[in-house]
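Visitor: Any chance you can model this:
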Amino acid sequence: MSINSTSAAKITHPWSKDALLAKAQRYAEDMLTYPRDDWHFGLLSTFVLEFLGRATLARVNPALLADLKDWNNLYFSLGFTPTATKFIPRSIDVSTVFARLRATLPVFTPELEGFSAQHINRRNEELHTGGTPFDGLSTTWLATYYQTCSVLLVSMDESLQLLFGSDEAMVAETLIEASQDESARVVMQSIAAHKIVWESKDSQDRIKLKNQASTWATRHAGHRVVCPACSNDALVTGAPISAPLRRLENDLIVETQEYLPAKFECVACQLKISGLSQLNACGLGGTFKATFRFDAADYYAPEDEHAGYEDDNNEY
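Guide: Residues are numbered from 1 along each chain as shown. Next up, the predicted model:
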């Protein structure tokens, strides 16, 4: 005798922690396919943040996500199926998510709530206006972003590695540690001192040094920035944090790679800064991208110790 039996697959509630965390993972995976200074990276990061926030509330109880203007939303959040005509479940908006997180999760500080709201506002501007807030946005926001994600993940007994993988999680931890190094703020005193010396120089000397700095920054490898002390061209150098990406452009191989800053130097006012924490304290801690161009024939030819081109100094 045979018995026919059917077993329904378990359906994950769309407001459950697991479903929302899986959605965050999906967007995080997509986000990491873009360079950190690409607008796609910034936009996708906002989706990750929202779903991560919702997952954190849902871990307490999915009912915290229900829009209470209609009791059927609460009923739905508890796992029931409302019988109301044309019912469409409605959850709270993301600003309310952050407000409830601040009230229920002490480590989600007002500072993290403020950052989260600001980051989501960038997304709203991107999606609902003609503005392009992620274009040209310095990656200095990443440290606070990863700190926010870490706080939410830890509250769910998870880590950054769950969303971003081991390599990016290591970069994230480095950025977070540097941003929290209060001792690094002494660099501002050094900047102020160099600024005073620079402003005391004769105008002709300043013009001469400015031209020298511009020429030096063009010829040397590194990421061109504006010196925080004298406002002249200067360079930041660092270590790569991603594999190089290559593309063919006419007869050239164009190779781009992302770097984490480590040192700053200005030959005009002689200001030098070492360490990510000090660079972060003065606004120079954002990741940067270096671009190299090679002749296709030379690129694939046997290696020659004298071959290659100089870094193009962030002329992407």
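
Visitor: Strands of the stretch 101-250 of the chain, start to end?
Guide: Assigned strands in the stretch 101-250 of the chain, in chain order: 223-226, 233-240, 245-249 (criterion: DSSP state E, counting those that start in this stretch).

Visitor: Please identify which of the ones you listed is closest to residue 69.
Guide: Ranking the strands of the stretch 101-250 of the chain by proximity to residue 69 (CB to CB) places strand 245-249 first, at 47.4 Å. Backbone N, C-alpha and C define where each C-beta goes, glycine included.

Visitor: and the closest one, which strands flank it?
Guide: Note on strand 245-249: by DSSP bridges, its sheet partners are strand 252-265 (antiparallel).

Visitor: got the strands of the stretch 101-250 of the chain as TSV, with mean pLDDT and mean neighbour count columns?
Guide: As requested, these are arranged in TSV below (pLDDT from 0 to 100; neighbours: other CB atoms under 10 Å):
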stretch	mean pLDDT	mean neighbour count
strand 223-226	94	18
strand 233-240	94	19
strand 245-249	85	11
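
Visitor: Dump those strands to CSV, plus distance to residue 64.
Guide: As requested, these are arranged in CSV below (distance: least, CB to CB, whole Å):
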stretch, distance to residue 64
strand 223-226, 44
strand 233-240, 42
strand 245-249, 41
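
Visitor: Which of these sits closest to residue 190?
Guide: For the strands of the stretch 101-250 of the chain, proximity to residue 190 was assessed by CB to CB; strand 233-240 is nearest, at 13.9 Å.

Visitor: now for the closest one, which elements pack on it?
Guide: Contact here means 3 or more CB pairs under 8 Å, 6 or more residues apart in numbering; DSSP states H and E; on that basis strand 233-240 packs against helix 203-219, strand 223-226, strand 252-265.

Visitor: can you rerun that using 10 Å?
Guide: With contacts defined as 3 or more CB pairs under 10 Å, 6 or more residues apart in numbering; DSSP states H and E, strand 233-240 has these neighbours: helix 203-219, strand 223-226, strand 252-265, strand 272-274, helix 276-281, strand 288-295.

Visitor: right, and the strands of the stretch 101-250 of the chain - which one's nearest residue 178?
Guide: Within the strands of the stretch 101-250 of the chain, the stretch nearest residue 178 is strand 233-240; the backing value is 11.9 Å (CB to CB).

Visitor: Within the sheet, what are the partner strands of the closest one, with directions?
Guide: For strand 233-240, the pairing partners within the sheet under DSSP bridges are strand 223-226 (antiparallel), strand 252-265 (antiparallel).

Visitor: okay, these in JSON lines with distance to residue 92 next?
Guide: Putting the strands paired with strand 233-240 into JSON lines (distance: least, CB to CB, whole Å) gives the following:
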{"stretch": "strand 223-226", "distance to residue 92": "41"}
{"stretch": "strand 252-265", "distance to residue 92": "36"}
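
Visitor: thinking residue 95 is in contact with residue 116, fair?
Guide: Yes - when contacts are counted by CB atoms under 10 Å, residue 95 is listed as touching residue 116 (8.9 Å).

Visitor: With neighbour numbers in mind, choose between these two.
Guide: Set side by side, residue 95 and residue 116 give different neighbour counts by other CB atoms under 10 Å, the larger being at residue 116 (27 against 13).

Visitor: Could you give the secondary structure assignment for the closest residue to that one other than its chain neighbours?
Guide: Spatial nearest neighbour of residue 116, chain neighbours left out: residue 98 (5.0 Å); criterion: CB to CB, 6 or more residues apart in numbering. Recorded secondary structure, residue 98: helix (DSSP: H, G, I helix; E, B strand; the rest coil).

Visitor: tell me the average confidence for stretch 264-281?
Guide: Mean pLDDT, stretch 264-281: 94.

Visitor: Give the buried residues for it.
Guide: Under the neighbour-count criterion of 16 or more other CB atoms under 10 Å, stretch 264-281 has 264-269, 271, 273, 275-281 buried.

Visitor: Looking at the residues you listed, spot the one nearest residue 83.
Guide: Among the buried residues of stretch 264-281, residue 280 lies closest to residue 83 (CB to CB), at 55.0 Å.

Visitor: any idea how far residue 181 is from the closest one?
Guide: 8 Å (CB to CB, to the nearest Å).

Visitor: related to what we said a few turns ago, I'd say the residue nearest to residue 116 and residue 111 touch.
Guide: No - because the distance of 11.8 Å does not satisfy CB under 10 Å, residue 98 is recorded as not touching residue 111.
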